[in-house]
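Q: Give me a 3D structure for the following:
(2 chains)
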Amino acid sequence: MSSRRHFLQVGITASALPFALTNLQAALPQASAEAAAPVNEPAARIFYKVIVDERIPESLRFGQHMREMGSDVHAIRGDITDLWFHDLSAQWKREPVAIAGLTEHGPLFCLERLAWDHRMRVVFRAEHRLDADCVLHEVSGPEAVIQRVPDLGSAGVAWTTQAARLVSRCHDGRPPAAVARAVTRVAHSGDREPLLSWVIAPRA
Amino acid sequence: MAVPPGVNAKVFAQAVREFEAAVGKEWVFTSDEDVALYRDAYSVLWGEPEERLASAAVAPDRLEQVQQVVKIANAHKIPIYPVSTGRNLGYGGSAPNYSGSVVLDLKRMNRILEVNERNAWCLVEPGVSYFDLVRHIDEKGYKLWVDIPDPGWGSPIGNALDHGGGYTQPMFRNHFDSHCGMEVVLADGDVLRTGMGAMPGAKSWQEYKFGYGPWIDGMFSQSNFGVVTKMGFWLVPLPDAYLTGTVTVSKWNDLIPLVDTLNYLENSGVVNGMPGLGMPIRQGTPPDPALRGLLEAATGGDASGIDAYAARNARACWSCTVKFYGPQKAIAASWEFAKEKFAAAIPGARFEDGESYKLPLTPEQREKVHKPEFGIPSLETFSIGARSETNPTPSSGHAWFSPIIPRNGEAIFEANKVFADAARKLDLAFFGFSLPTTYWMRSFIFLFGFPVTRDAASNKKNREGFKQLVDICAQHGWGEYRTAPAYQDAVMNTYSFNNHALRRFHERVKDAVDPNGILSAGRYGIWPKHLRGTRA
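A: Numbering: from 1, shown residues only, chains lettered A, B, ... in the order given. The predicted structure is shown next:
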């Protein structure tokens, strides 16, 4: 599969003010202000559900921006069982529809496998490794979206907003065609599990 | 398109066309992306030339299509590998033992054929998941539970055939034991039904297991003698109430009477939930560094230090949580009886009442409990961060190392000494003192998750360690109950009484019922004749 991909080694490093995770409330208006979409962008994709983990501040910020762009946001606490049992399983049986999220590995691992059974696939996947003074992003997705990955590096504390923008640009169901990396200079507290932003969509 | 080994490409292409004619073109998968979905996400051979990979997949949706596919495969000698929902993570996922096999994906066969509330049984197809079955029961309002493994996204048939277990009462926890009757497609496409199902028009297929003559159901579990297309299961009548209680004991060697008393209570039916052993002396974050040496000494046979530590700190060495399902008054009395037995066997035993629920659970209670103990399927286990010093990338999974040992305290001590010695010898850093699980009534199972990474060197080291542990355990009379394909030959090699008489018998059966060796070659160490000499 990797031979089909066009690797873009972006490696953008951008400076940003250190950001304390505990200062979520103060950060939200700033992140929201930075979320204003540039002009001449195609309309954001509206997802059936955007999955966020309410234990993770970055995930909540991502969800806030996705909600502003028109998607319905569903909060979990790491476990997708209820979402699957009471909602997605029936919905995907009726009609496979696209979902997105920013979560830890576990929810995506489960949802991807459940999606396979409905002829769906992950069309965008970005791993965000939270190091002490930066976020390392490795993104695979549609080529047009990958070209915007440098925006992640320059976004500073608003990188989740940029991740939401990338996700909202994934309009089709083709497999990821390109890969890129970026680095955002922001401070984080504690040793954290990597986060993933992702899109699962019906196969094109 | 990959081609199975030893199969001519033109022959394979012809077989694929025939598969398409049998099930519909859209249900035969040959693209790289589709076939990759059958990779084992937790493969211990990930990315290596030996990784077990499928060549294609075919997904029938009814018995007749399964028969056709099997006949086509048999005619062209195409290896096929049936999976139900194909989860089975930690034990192989949906990847075949024999690379190049065509996965026979039974997920589309997802019909719940019958649920009988009155006598608490069901009859299902392989693609039915625990989620599907529980939803059906909920929608119908039946007062029944399904005994669920954890995680609960697999299929009752797949889990039972691999000898999986759950969390409610002992007669349901062992999922193969709790099945009743099966339908099987043989390698030539013939179909048989076991137990009472062998009688046309039988009225008790799911109510009496044995039918008449030799009971052959076991031949189709952990094996490759047929494709199971239907299976009956006994369900759990909704209990009236649930209760837990915990006994704690202070001295290291109290573990022996603790387990003996637990066994008495379980074997006599007083305790009927899945008990849990614990080590309260080790609790605390971070653990007291002084404990490490004391635990090592105790594991080596000198418990004086840890007993003194326990006395000095008023800590118990061991705990046992016992669980009860049944009438509220009866299980309260059972707990009182259990306390009497533990107190008589172990002076100084202390008791604490635990959870107590009148069933069914309220929505608030559902959020607090370990869901599988209440027949509720869950994926919560995937939300538990498992990152640690010894497993920095838990997202790559694990392979279960799961030896069965006798159900007594001495065996727990001995096993831990053996594991500790082996871990030092093999440079495996992740064995602290471990307690076994109690899925089965009459034996213990240790469950160690060997980390799987995306680093071939690390995986190689772990594979070698795993296989050596299999042998070390066998030298002490302990055998794995189930393992991933990469280790199935190694484990089968340890069941070697009388020059591997059991395996030789399996092979004689294999040669008789599947002479072309098309079904699941190598599964659980059973290889068809034409591949036998090429395998360990």
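
Q: make it CA atoms for all contacts and neighbour counts henceforth
A: OK.

Q: which residues touch residue 121?
A: Defaulting to chain A. Neighbour list for A:R121: A:E112, A:A115, A:G173, A:P175, A:I200, A:A201, A:P202, A:R203 [criterion: C-alpha atoms under 8 Å, 6 or more residues apart in numbering or on different chains].

Q: oops, chain B please
A: Per C-alpha under 8 Å, 6+ apart, neighbours of B:W121: B:V115, B:Q206, B:E207, B:G232, B:F233, B:W234, B:L235.

Q: ok, now A:F85?
A: By C-alpha under 8 Å, 6+ apart, the contact set of A:F85 is B:F131, B:R135.

Q: May I have the secondary structure class of it?
A: helix (DSSP: H, G, I helix; E, B strand; the rest coil).

Q: So which bits of chain A are right by chain B?
A: By C-alpha under 8 Å from any C-alpha of the partner chain, the residues of chain A that approach chain B are A:1, A:77-81, A:85, A:105-107, A:110, A:116, A:193.

Q: Nearest to chain B, out of the contacts of A:R121: which one, please.
A: Closest approach to chain B among the contacts of A:R121 (C-alpha to the nearest C-alpha): A:P175, at 9.0 Å.

Q: Specify the local secondary structure of the residue lying closest to the closest one once chain neighbours are set aside.
A: Leaving out its chain neighbours, the residue that sits closest to A:P175 by C-alpha to C-alpha, 6 or more residues apart in numbering or on different chains is A:V123, at 5.0 Å. With three-state DSSP as the basis, the three-state label of A:V123 is strand.

Q: What distance do you get for A:V123 to chain B?
A: Distance of A:V123 to chain B, given as C-alpha to the nearest C-alpha, to the nearest Å: 12 Å.

Q: That residue and A:S197: what is the separation?
A: Distance, A:V123 to A:S197, using C-alpha to C-alpha, to the nearest Å: 11 Å.

Q: Isn't the residue nearest to A:P175 up against A:A201?
A: Yes - using C-alpha atoms under 8 Å, A:V123 is in contact with A:A201, at 6.5 Å.

Q: Give me the common contacts of those two.
A: A:D172, A:G173.

Q: Run through the chain and note the low-pLDDT ranges.
A: This is for chain A. For chain A, the stretches with pLDDT under 70 are A:1-41, A:189-190.

Q: wrong one, I was asking about chain B
A: Chain B contains residues with pLDDT under 70 at B:285, B:385-395, B:429-431, B:535-536.

Q: Next to chain A, which bits of it? Give me the list.
A: So far as C-alpha under 8 Å from any C-alpha goes, chain B lies against chain A at B:32-33, B:37, B:131, B:135, B:377-385, B:387, B:395.

Q: Take the residues you listed and keep only those in helices.
A: B:D32, B:E33, B:F131, B:R135 (DSSP state H).

Q: what's the closest of these to A:V179?
A: Relative to A:V179, the closest of those is B:E33; by C-alpha to C-alpha it sits at 17.3 Å.

Q: Check the gap between that closest one and B:R39 for me.
A: From B:E33 across to B:R39, the span is 10 Å (C-alpha to C-alpha).

Q: So if I had to pick from those two, which one is more boxed in?
A: A direct count of neighbours by other C-alpha atoms under 10 Å in any protein chain shown for B:E33 and B:R39 places B:R39 higher, at 19 against 12.

Q: Chain neighbours aside, what residue packs nearest to that one?
A: In space, B:R39 is closest to B:A95, 5.2 Å off (C-alpha to C-alpha, 6+ apart).

Q: got it, and A:T160?
A: That would be A:F62: by C-alpha to C-alpha, 6+ apart, it lies 5.1 Å from A:T160.

Q: Contact partners for that neighbour?
A: A:F62 touches A:V52, A:L102, A:T160, A:T161, A:A163, A:A164, counting by C-alpha under 8 Å, 6+ apart.

Q: which secondary structure element contains it?
A: Secondary structure assigned from DSSP states H and E places A:F62 in helix A:57-68.

Q: Pull that helix out as CSV, backbone CA atoms only.
A: The C-alpha trace of helix A:57-68 is given here as CSV (Å, rounded to 0.1, in the frame of the first residue of the first chain):
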residue,chain,number,x,y,z
PRO,A,57,-9.0,18.8,26.3
GLU,A,58,-7.6,18.7,22.8
SER,A,59,-10.4,16.4,21.8
LEU,A,60,-13.0,18.8,23.2
ARG,A,61,-11.5,21.7,21.3
PHE,A,62,-11.5,19.7,18.1
GLY,A,63,-15.2,18.9,18.8
GLN,A,64,-16.1,22.5,19.4
HIS,A,65,-14.7,23.5,16.0
MET,A,66,-16.4,20.6,14.3
ARG,A,67,-19.7,21.6,15.9
GLU,A,68,-19.2,25.1,14.7
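
Q: Show the residue spans covered by the strands in chain A.
A: Ranges of strands in chain A, per DSSP state E, are A:6-14, A:49-53, A:73-76, A:99-103, A:120-130, A:135-141, A:178-184, A:195-202.

Q: could you dump these to TSV with distance to B:T494?
A: Shown next, in TSV, are the strands of chain A (distance: least, C-alpha to C-alpha, whole Å):
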stretch	distance to B:T494
strand A:6-14	47
strand A:49-53	46
strand A:73-76	45
strand A:99-103	43
strand A:120-130	41
strand A:135-141	45
strand A:178-184	46
strand A:195-202	43
